[in-house]
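Enquirer: after the sequence you'll find the predicted model.
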Amino acid sequence: MSSYLLKKGTDVMASQYVSYTVQATCNGQSHTVERRFSEFVLLQKEIANEFPGAIIAPLPKDQVFGRFKPAFIESRMRGLEECLRKTYSDHSLSKSVCWTPFFTTPNFTKSSLKSSAT
C-alpha cells in the first residue's frame, strides 16, 4: 500500500472514513484500487469461510477513538500490508476465489463476489 485518503461519505449523515490505496499486479496487469478497512475484514471473512481451520494472518485492531489520527492510520496501513503479504505467501489462501477480485474490482462487496463467481 502506498497511501491513504481521509474521505467523507456521500450521504449527508455519513461519517468520515479512511480509504487505502492498494496496488497489485495480477495476471501480469497492474491494478490500483481504494479499499476501506471493512473491505479487508470482508476479504478475511471470505477466505476463512472458504478455508475453514486455516491460519489466517490477523488484521490490525479496530479503534473507535483516534482512528483518524495520522499515526494510527499509518500503523494500520502497515498492518494491513503485512496481513496481505502473509496471506499471499500462503499458496492455498492466495488462490481463494475472492483474492484476485479484491485487487481488481472497484467495489469489493459480498454481492460483487457473487456476480464475479457466476
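Expert: That came in fine, so what should we check first? Computed from a predicted model, the values in this text were never measured in an experiment.
Enquirer: next SSE after the longest strand belonging to the chain?
Expert: In the chain, with assignment by DSSP state E, the single longest strand is strand 16-26. Going down the chain from strand 16-26, the next helix or strand is strand 29-35, by DSSP states H and E.
Enquirer: after that next one, which helix or strand is next?
Expert: helix 37-50.
Enquirer: for that next one, name the packing helices and strands.
Expert: strand 16-26, helix 70-89, helix 99-104 (3 or more Cβ pairs under 8 Å, 6 or more residues apart in numbering; DSSP states H and E). C-betas here are computed from N, CA, C, even on glycine.
Enquirer: direction-wise, compare the longest strand of the chain with helix 70-89 and give the angle.
Expert: Angle, strand 16-26 to helix 70-89, by axes from the mean of the first three to the mean of the last three Cα atoms, to 10 degrees: 30 degrees.
Enquirer: distance from the chain centre to strand 16-26, please.
Expert: Distance of strand 16-26 from its chain centroid, counting by Cα atoms, centre = their mean, to the nearest Å, is 7 Å.
Enquirer: ok, it: who's next to it in the sheet?
Expert: Counting by DSSP bridges, the strands paired with strand 16-26 are strand 3-8 (antiparallel), strand 29-35 (antiparallel).
Enquirer: which one, of the helices and strands packed on helix 37-50, ends up nearest to residue 44?
Expert: For the helices and strands packed on helix 37-50, the distance to residue 44 is smallest for helix 70-89, at 7.6 Å, taking Cβ to Cβ.
Enquirer: give the buried residues for the closest one.
Expert: 73, 76, 77, 79, 80, 83, 84, 87 (16 or more other Cβ atoms under 10 Å).
Enquirer: before we move on, what about stretch 55-65?
Expert: 56, 57, 59, 60.
Enquirer: residue 28: which of those is nearest?
Expert: Nearest to residue 28 among the buried residues of stretch 55-65 is residue 57, at 25.4 Å by Cβ to Cβ.
Enquirer: and the pLDDT for the nearest residue to that closest one once chain neighbours are set aside?
Expert: Closest residue to residue 57 apart from its sequence neighbours, by Cβ to Cβ, 6 or more residues apart in numbering: residue 86 at 3.6 Å. pLDDT, residue 86: 94.
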